[in-house]
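Asks: take this sequence and fold it.
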Amino acid sequence: MKQYAVIHAVAGLYEGYSDTTCEFFPTEEAAIKHINQHLDDYRKDEMCVNIEHSGDMMHTFVTMTRDHEDYHACVPSDMEHDDWVSENGDDCSVEVFRLIEIDCERYENAPSTEHMWLTWDQIETTQAWDYTPLCMSLVARVSSDVMDNDPSVHGLEQLTDFISSVYYRSHAFIDIDDYTMHAFRIPKPQSVK
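Replies: Residues are numbered from 1 along each chain as shown. Below you'll find the model as predicted:
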């Protein structure tokens with residue numbers, strides 16, 4: 001049994017990076033349709049500079065600018081996209097759509113009340129881990145990472161908020177130094193009780 005997640009994020013730590021969202025779909029076709037609807041809206045937006053995606057639609061980047069002189073601009077042919085973004089970094093942002101296939105077999109006939117979680121590395125704009133941990137495993141690994149990266153009061157406060165979100169919400173977020181991660185609760189498929 002599979003589900004498809006669509007992550008919509010701001011790449012790296014540009015303004016709005018904590019607003020990353022994740023929506024789940026029962027089929028790949030529904031997920032791609034969702035991405036295409038967003039991309040159609042971006043194509044109409046005069047602040048959109050560039051849309052670039054992989055051939056398999058698994059990863060799409062949308063570059064936006066706030067500088068009115070660059071509206072409907074395109075990246076000059078003699079310049080790489082990443083160089084243009086670096087040069088215009090204060091006035092632009094790069095948004096990411098990422099389609100992720102999730103194997104939900106663990107949910108089938110599982111008596112556990114725990115949920116699986118999809119993790120997103122905000123800085124690298126990719127899935128943080130190559131597996132979908134259950135609640136306790138997620139908390140244990142993030143706790144270990146926090147203790148390795150920032151065992152200060154700030155790090156522990158962030159960890160406390162993260163753990164609370166895991167058990168009481170469907171989205172958890174932690175941001176300490178170079179460790180910025182979102183976790184999204186994967187819903188149990190409708191056919192699973």
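Asks: output the lowest mean pLDDT helix or strand found in this structure.
Replies: For the chain, counting by mean pLDDT, DSSP states H and E, helix 81-87 ranks last in confidence among helices and strands (a mean of 65).
Asks: skip ahead from that one and say which helix or strand is next.
Replies: strand 92-103 (DSSP states H and E).
Asks: other SSEs contacting the helix or strand following that following strand?
Replies: The C-terminal neighbour of strand 92-103 among helices and strands, as given by DSSP H and E, is strand 116-121. Packed against strand 116-121, as judged by 3 or more Cβ pairs under 8 Å, 6 or more residues apart in numbering; DSSP states H and E, are the following elements: strand 2-10, strand 92-103, strand 126-127, helix 135-149, strand 179-186. C-beta here means a position set from N, CA and C on the backbone, and glycine is covered the same way.
Asks: buried residues, strand 116-121. List them.
Replies: Judged by neighbour count using 16 or more other Cβ atoms under 10 Å, the buried positions of strand 116-121 are 116-120.
Asks: now swap in stretch 155-169 and tell me
Replies: When neighbours are counted by 16+ other Cβ under 10 Å, the buried residues of stretch 155-169 are found to be 155, 158-159, 162-163, 165-166.
Asks: in TSV, list these along with distance to residue 135, secondary structure and pLDDT.
Replies: Compiled in TSV, these are given as follows (distance: Cβ to Cβ, whole Å; DSSP: H, G, I helix; E, B strand; the rest coil; pLDDT from 0 to 100):
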residue	distance to residue 135	secondary structure	pLDDT
155	20	helix	91
158	18	helix	94
159	15	helix	96
162	12	helix	97
163	9	helix	97
165	11	helix	97
166	6	helix	96
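Asks: list just the nearest of those residues to residue 7.
Replies: Closest approach to residue 7 among the buried residues of stretch 155-169 (Cβ to Cβ): residue 165, at 17.2 Å.
Asks: so who does that closest one touch?
Replies: 171-173, 183 (Cβ atoms under 8 Å, 6 or more residues apart in numbering).
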